[in-house]
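Q: Structure for this input, please:
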Amino acid sequence: MLDTVLTVWFLLTAASTAYVAYDLLARTPAMGVMKLGWTLVLLYTGPVGLALYLASCRKPGAQDHQTFVAPRWKQALGSTIHCLAGDATGIIVAGAITTAIGFPMGVDLVFEYAAGFTFGLLIFQALFRKAMRGGSYLAAVRATVLPEWLSMNALMAGMIPVMVLLMSRDMGAMEPTSIRFWGVMSLATIVGGLLAYPVNWWLVATGLKHGMGSSRALGKGGHDPAQQPEVPTASAVAQVAITSITLAMLLVGLAVAAVLGDLSMRAPR
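A: Numbers count the residues shown, from 1 in each chain. Below is the predicted model of the structure:
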């Protein structure tokens with residue numbers, strides 16, 4: 001029964017991803033990195049991602065796209081999409097490789113965190129920052145290290161317990177060749193995204209991250225600077241506080257996984 005449900009889910013996911021990819025190419029003027037981000041996120045979130053795309057990004061018939069994506073909640077969602085597209089991609093690819101090798105789940109998590117952070121920072125965060133603000137790629141990387149780290153902590157705080165708890169109860173879900181593995185990763189990405197959203201809302205509100213961009217704004221890309229401060233407004237105290245909160249979230253996620261799951265488990269050989 002579970003495999004049947006997952007089969008239906010991934011058929012809907014394929015249809016949702018194809019629709020969004022076509023719509024982004026044909027009618028919705030999102031920025032290039034944003035288009036790639038949405039497409040990847042749809043692969044992991046399926047109909048859930050489709051609903052979010054329709055509500056927050058798809059160009060309405062008459063309204064200007066830049067105006068449509070301007071509300072803060074949509075900007076924060078766009079920032080979260082950047083996070084999911086980069087971080088979740090790195091996490092899922094690393095998870096597929098390390099479980100296939102046979103690493104214990106505790107070791108898997110270390111590689112997944114490192115891969116997710118690296119891929120998210122160097123591809124989605126830095127490239128998007130460079131497209132929005134210009135300047136060098138290296139400067140964009142330096143400017144996005146902190147926001148990427150905070151977002152990554154929140155994402156993994158949600159993904160870790162989902163992955164460990166479900167795989168501890170179904171060893172077959174650790175096999176990358178099993179549809180259950182991809183079902184776990186899909187659910188983990190959705191849960192992780194829910195936890196990452198409030199952090200991304202704060203990052204966008206304080207100017208530490210960018211939100212939903214439109215390729216028709218500012219000529220090259222991005223939304224009206226009036227909608228978001230050019231210079232980060234978060235104080236050092238606020239940044240320390242939010243860093244502490246995301247680290248606490250990550251530790252709680254790890255604790256739940258360790259207590260209720262099995263970090264020593266390996267994929268069946």
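
Q: Tell me where this protein has helices.
A: With helices called from DSSP state H, the chain shows them at 2-26, 32-56, 65-68, 72-83, 89-101, 105-119, 126-133, 137-169, 179-205, 236-260.

Q: Would you format the ones you listed as a markdown table with mean pLDDT and distance to A267 included?
A: The way it works is simple: take the backbone N, C-alpha and C, and place the C-beta from them, glycine included. Formatted as a markdown table, these follow (pLDDT from 0 to 100; distance: least, Cβ to Cβ, whole Å):
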| stretch | mean pLDDT | distance to A267 |
| --- | --- | --- |
| helix 2-26 | 95 | 18 |
| helix 32-56 | 91 | 20 |
| helix 65-68 | 80 | 44 |
| helix 72-83 | 89 | 27 |
| helix 89-101 | 90 | 5 |
| helix 105-119 | 92 | 9 |
| helix 126-133 | 69 | 33 |
| helix 137-169 | 91 | 9 |
| helix 179-205 | 95 | 9 |
| helix 236-260 | 95 | 16 |
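
Q: just so I know, which of these lies nearest P268?
A: helix 89-101 (10.1 Å; Cβ to Cβ).

Q: Output the closest one in PDB with nothing but the alpha carbons.
A: Output of helix 89-101 as PDB, limited to C-alpha atoms (Å, rounded to 0.1, in the frame of the first residue of the first chain):
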ATOM      1  CA  THR A  89      20.000  18.900  -3.500                       C
ATOM      2  CA  GLY A  90      23.400  18.500  -1.800                       C
ATOM      3  CA  ILE A  91      21.900  16.600   1.100                       C
ATOM      4  CA  ILE A  92      19.900  14.200  -1.100                       C
ATOM      5  CA  VAL A  93      22.800  13.500  -3.500                       C
ATOM      6  CA  ALA A  94      25.200  12.900  -0.600                       C
ATOM      7  CA  GLY A  95      22.600  10.700   1.200                       C
ATOM      8  CA  ALA A  96      22.200   8.600  -1.900                       C
ATOM      9  CA  ILE A  97      26.000   8.100  -2.200                       C
ATOM     10  CA  THR A  98      26.800   7.500   1.400                       C
ATOM     11  CA  THR A  99      24.000   5.000   2.000                       C
ATOM     12  CA  ALA A 100      25.000   3.200  -1.200                       C
ATOM     13  CA  ILE A 101      28.500   2.900   0.200                       C
END
